[in-house]
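> Just need the structure, nothing else, for what follows:
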Amino acid sequence: MKAMKVSNDYPEVFEFDSRAPESASAWWNTLGDRWVRVNLITDCLGNAVGGSRSSRDLTGGADRDLLSMLRAEADVILVGGETVRTEEDCLPRNKDVVIVSKSGNVPLRAISKARGRITVLHDRSASAPKPANGVVLRQFNGAAIIKAVRALGYQKIVCEGGPTLAQTLLAAEVVDEWCQTLSPKLGQRIPDLVVPDFGGTMTNVAHDDDGYRYLRWSRSGAPQISS
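You can find the predicted model right below:
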């Protein structure tokens, strides 16, 4: 697939190439050196999956390019165990990943191709599969999860879902920025897989020529592009 033009509509009007590292990095690099972002794709009704119960049913346009750029800005990718079990190919190969799974039930196929460090936050009655590292978590609330991730040395954290993990972080008020792609495709209504509202201040609205919209909200007001 070719790169796509992304048009930023608010608060400033400009365009950039979805695969141009400098432009896309400047678009994402707005929060400094320590942050927690949630990044999800939904349809216009908040449904996070399609008929196969995968978010890949909704993706398209420049979404994957922008996801790759956001991952490049992060120190680590945070993801829930259910998402990994449903979408075994969702993990980036060249990035450190932290998986939140009380049961420690992580498919070996999901981590077998990873070149980064894989850490599983699990309950004390469970264990992580090799070659992943295991960290026992006594509480699975948002504050405890982020504290554990920070203790591993990560400062710039991107949570890629699923909705349950995103809601857990949101309830603990540990999310600095909420990034949501609105897909023109209609997903499937599954109550546990409907993305909650973030609130906060809308800081960016963008779109591409395939009908995808890229929305960002912040708890601390409009971000400033780093020089």
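> Not counting sequence-adjacent ones, nearest residue to the most centrally placed residue in the chain?
Ranked by distance to the mean C-alpha position of the chain (Cα atoms, centre = their mean), the top residue is Glu160 at 2.4 Å. Among residues not flanking Glu160 along the chain, Val79 sits closest, at 5.1 Å (Cβ to Cβ, 6 or more residues apart in numbering). Where C-beta positions appear, they are placed from N, C-alpha and C, glycine not excepted.
> pLDDT wise, what is Ala166 at?
Each residue has a pLDDT score; the one for Ala166 is 94.
> Show the contacting residues for it.
Val38, Leu40, Cys159, Val175, Val195, Pro196 (Cβ atoms under 8 Å, 6 or more residues apart in numbering).
> can you rerun that using 10 Å?
Under the criterion of Cβ atoms under 10 Å, 6 or more residues apart in numbering, the neighbours of Ala166 are 38-40, 48, 78, 80, 142, 159-160, 175, 178, 180, 195-196, 198.
> Any idea how many residues pack against Val136?
When neighbours are counted by other Cβ atoms under 10 Å, Val136 registers 15.
> What sits closest to it if chain neighbours are left out?
Closest residue in space to Val136, ignoring its immediate chain neighbours: Arg124 at 4.8 Å, by Cβ to Cβ, 6+ apart.
> Touching, that neighbour and Leu137? I think so.
Yes. A contact is recorded between Arg124 and Leu137 when judged using Cβ atoms under 10 Å, the distance being 8.3 Å.
> So these two - more neighbours on which side?
Each of Arg124 and Leu137 has its neighbours counted (other Cβ under 10 Å); Leu137 has more, 19 against 9.
> The protein: strands as residue ranges?
Along the chain, counting by DSSP state E, strands occupy 5-10, 14-17, 35-42, 76-80, 97-100, 118-122, 133-136, 156-159, 177-182, 201-208, 213-218.
> Tabulate these (JSON lines), appending distance to Pro191 and mean pLDDT.
Output for these, formatted as JSON lines (distance: least, Cβ to Cβ, whole Å; pLDDT from 0 to 100):
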{"stretch": "strand 5-10", "distance to Pro191": "31", "mean pLDDT": "95"}
{"stretch": "strand 14-17", "distance to Pro191": "37", "mean pLDDT": "93"}
{"stretch": "strand 35-42", "distance to Pro191": "14", "mean pLDDT": "96"}
{"stretch": "strand 76-80", "distance to Pro191": "16", "mean pLDDT": "97"}
{"stretch": "strand 97-100", "distance to Pro191": "20", "mean pLDDT": "98"}
{"stretch": "strand 118-122", "distance to Pro191": "25", "mean pLDDT": "97"}
{"stretch": "strand 133-136", "distance to Pro191": "30", "mean pLDDT": "96"}
{"stretch": "strand 156-159", "distance to Pro191": "20", "mean pLDDT": "97"}
{"stretch": "strand 177-182", "distance to Pro191": "19", "mean pLDDT": "96"}
{"stretch": "strand 201-208", "distance to Pro191": "26", "mean pLDDT": "94"}
{"stretch": "strand 213-218", "distance to Pro191": "22", "mean pLDDT": "95"}
